[in-house]
Each structure stands twice: as C-alpha cells, then as structure tokens.
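**Student:** Predicted model follows, preceded by the sequence.
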Amino acid sequence: LRGWAKRDGTGVSYDSSGGFTLPNGATLAPDASWVRRSRLETLSAEDIEKYLPLCPDFVIELRSPSDQLRTVRHKMREWIDNGARLGWLIEPFSKRVEIFRPDAPVQRLDAPAMVSGDPVLPGFELEMREIW
C-alpha cells in the first residue's frame with residue numbers, strides 16, 4: 001500500500017500506528033489505511049499531530065488468531081458506516097478476504113491470488129501470496 005500510495009500521489013497511507021477519531025466519536029487504528037490527500041489538506045497542523053479527526057477512505061484489518069470474527073466484522077462495519085469507501089478484512093489462516101463497501105453486501109473471496117482496490121484505489125493490487 002505504501003509503495004502504491006507514493007507512486008500514485010493522490011493520498012497518504014498509514015500503518016497500524018496511525019489512528020483516527022471517527023465521526024461517531026470512536027477512536028480506531030486499522031492495520032493499514034489510506035486517505036485522499038485533498039481531505040488531509042483541510043486539516044489544521046494541530047489535527048495532524050494527533051489521531052486524525054476523520055475516517056480513512058480505505059482500511060485493511062488483518063485478523064489475528066485471537067480476534068473473534070464477529071468483533072472484527074463489527075469493526076469493519078463501523079469503518080464503512082463512518083465514511084470508509086472500501087475495507088478489506090483479511091483472514092490469513094483461512095485464506096479469506098472479505099470486502100466491505102457502502103451500500104453493498106460483503107463480498108467474500110476464498111484464497112484469492114490478488115485483491116484489487118479499484119475503483120477507490122485505481123491500480124492498487126495486493127498480491128496475497130505474501131500474506132498466505
């Protein structure tokens with residue numbers, strides 16, 4: 001994600017240390033995320049020094065063995081309900097990816113070789129062999 005974001009230039013990627021205060025007041029930190037640069041430009045220098053007061057456009061949650069599936073799915077729904085345009089829940093041990101979008105049913109992919117971020121992240125593709 002970081003490499004694609006640098007090449008693309010239209011947004012900024014964050015790792016798990018990047019947190020967000022969502023419109024509903026929740027403070028969450030996804031495993032990876034991306035925010036359109038035009039949205040970041042509206043924030044003050046003070047806003048940028050702490051958890052960003054917005055919801056990222058794209059989030060990735062990587063389910064760990066200790067995570068309850070329903071809890072992580074609830075978190076994904078919270079991202080979408082607060083403005084994320086695309087979310088991926090990656091389950092490495094079952095080799096499944098669940099794709100969340102606003103106003104759409106969850107799409108489940110079993111053992112995909114690659115997952116595409118189009119159209120939210122044009123040209124971004126994640127090779128899953130690095131995760132499986």
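**Tutor:** Nice, thanks for sending it over.

**Student:** Show me what the mean pLDDT comes to for stretch 93-113.
**Tutor:** For stretch 93-113, the per-residue pLDDT values average out at 97.

**Student:** do the same with stretch 73-81
**Tutor:** Stretch 73-81 carries an average pLDDT of 98.

**Student:** Now it: buried residues?
**Tutor:** Buried positions in stretch 73-81, judged by neighbour count with 16 or more other CB atoms under 10 Å: R73, K75, M76, E78, W79, I80. Placement of C-beta: from N, CA and C, glycine included.

**Student:** which one of these is nearest E41?
**Tutor:** Looking at the buried residues of stretch 73-81 and their distance to E41, the nearest is W79, at 21.8 Å (CB to CB).

**Student:** Now do the SS call for that closest one.
**Tutor:** Three-state assignment for W79 (DSSP: H, G, I helix; E, B strand; the rest coil): helix.

**Student:** How about the contacts made by the residue lying closest to P102 once chain neighbours are set aside?
**Tutor:** Distances taken as CB to CB, 6 or more residues apart in numbering put I80 closest to P102, at 5.6 Å, once the chain neighbours are dropped. With contacts defined as CB atoms under 8 Å, 6 or more residues apart in numbering, the neighbours of I80 are G87, F100, R101, P102.

**Student:** Show me which of the buried residues of stretch 73-81 is closest to G9.
**Tutor:** G9 has its nearest neighbour among the buried residues of stretch 73-81 in W79, at 23.7 Å by CB to CB.

**Student:** count of neighbours near V59?
**Tutor:** 28 (other CB atoms under 10 Å).

**Student:** nearest residue to it other than its sequence neighbours?
**Tutor:** Excluding its sequence neighbours, the residue lying closest to V59 (CB to CB, 6+ apart) is P30, at 4.1 Å.

**Student:** residues near the one you found, how many?
**Tutor:** Considering only other CB under 10 Å, P30 is surrounded by 24 other residues.

**Student:** For A45, see how far away it is.
**Tutor:** Counting by CB to CB, to the nearest Å, the gap from P30 to A45 is 23 Å.

**Student:** go on, S94?
**Tutor:** S94 sits 43 Å away from A45, going by CB to CB.

**Student:** Which one's more surrounded, those two?
**Tutor:** Neighbours per residue (other CB under 10 Å) separate S94 from A45, with S94 holding more: 11 against 6.
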